[in-house]
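Enquirer: following is a predicted model, sequence given first.
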Amino acid sequence: MSRGTAANHRALKTTNERVGVNAVEKRSVTIRGHRTSYSLEKPFYEDLVAIAAARKLTLAALVAEVDETRPRDTNLSSALRLHVLEWAKRETSS
């Protein structure tokens with residue numbers, strides 16, 4: 001990493017910490033008999049857990065449902081974030 005790039009990275013990290021941006025955490029799950037992983041920021045993960053609880057599903061079952069219905073050109077992590085966003089939009093419009 002060049003000095004300029006390193007300085008930009010430190011500045012971005014400081015900005016992210018100041019505005020409360022969380023680090024991405026990688027998690028593993030078994031879906032239909034095969035292991036896969038996804039990466040989510042803590043707020044998305046917490047909301048996903050809450051959605052699963054509200055729907056009386058295990059987290060693995062919810063992830064499998066999102067995986068099954070996502071477009072094949074969308075990665076699982078992005079599909080999970082979009083699912084949380086869509087859930088939040090429905091909740092606020094109710």
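Expert: That came in fine, so what should we check first?
Enquirer: element containing the spatially most central residue of the chain, please.
Expert: Residue closest to the average C-alpha location in the chain (Cα atoms, centre = their mean): residue 40, at 3.2 Å. Residue 40 is part of strand 34-41, with elements assigned from DSSP states H and E.
Enquirer: mean confidence (pLDDT) on that strand, please.
Expert: Mean pLDDT, computed over strand 34-41, is 95.
Enquirer: and it, which strands flank it?
Expert: strand 24-31 (antiparallel) (DSSP bridges).
Enquirer: would you put the C-alpha positions of the strand it pairs with in PDB?
Expert: C-alpha atoms of strand 24-31 as PDB (Å, rounded to 0.1, in the frame of the first residue of the first chain):
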ATOM      1  CA  VAL A  24     -18.200  -6.800   8.200                       C
ATOM      2  CA  GLU A  25     -18.300 -10.200   9.900                       C
ATOM      3  CA  LYS A  26     -18.200 -13.400   7.900                       C
ATOM      4  CA  ARG A  27     -20.600 -16.200   9.000                       C
ATOM      5  CA  SER A  28     -21.100 -19.700   7.800                       C
ATOM      6  CA  VAL A  29     -24.400 -21.600   7.300                       C
ATOM      7  CA  THR A  30     -25.500 -25.000   5.900                       C
ATOM      8  CA  ILE A  31     -28.100 -24.600   3.100                       C
END
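Enquirer: residues making contact with it?
Expert: Here strand 24-31 makes contact (Cβ atoms under 8 Å, 6 or more residues apart in numbering) with 35-42, 45, 59-60, 63-64, 67. In short, each C-beta sits where N, CA and C put it, glycine included.
Enquirer: whichever of these end up buried, select them in PyMOL.
Expert: Here is the PyMOL command that selects the buried residues among these (16 or more other Cβ atoms under 10 Å):
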select buried, resi 38+39+40+45+63+64+67
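Enquirer: nearest to residue 91, of the contacts of strand 24-31?
Expert: residue 45 (17.4 Å; Cβ to Cβ).
Enquirer: tell me which element the closest one is part of?
Expert: Assigned by DSSP H and E, residue 45 belongs to helix 42-54.
Enquirer: equivalent analysis for residue 71, please.
Expert: With DSSP H and E as the test, residue 71 turns up in no helix or strand.
Enquirer: that'll do, ta.
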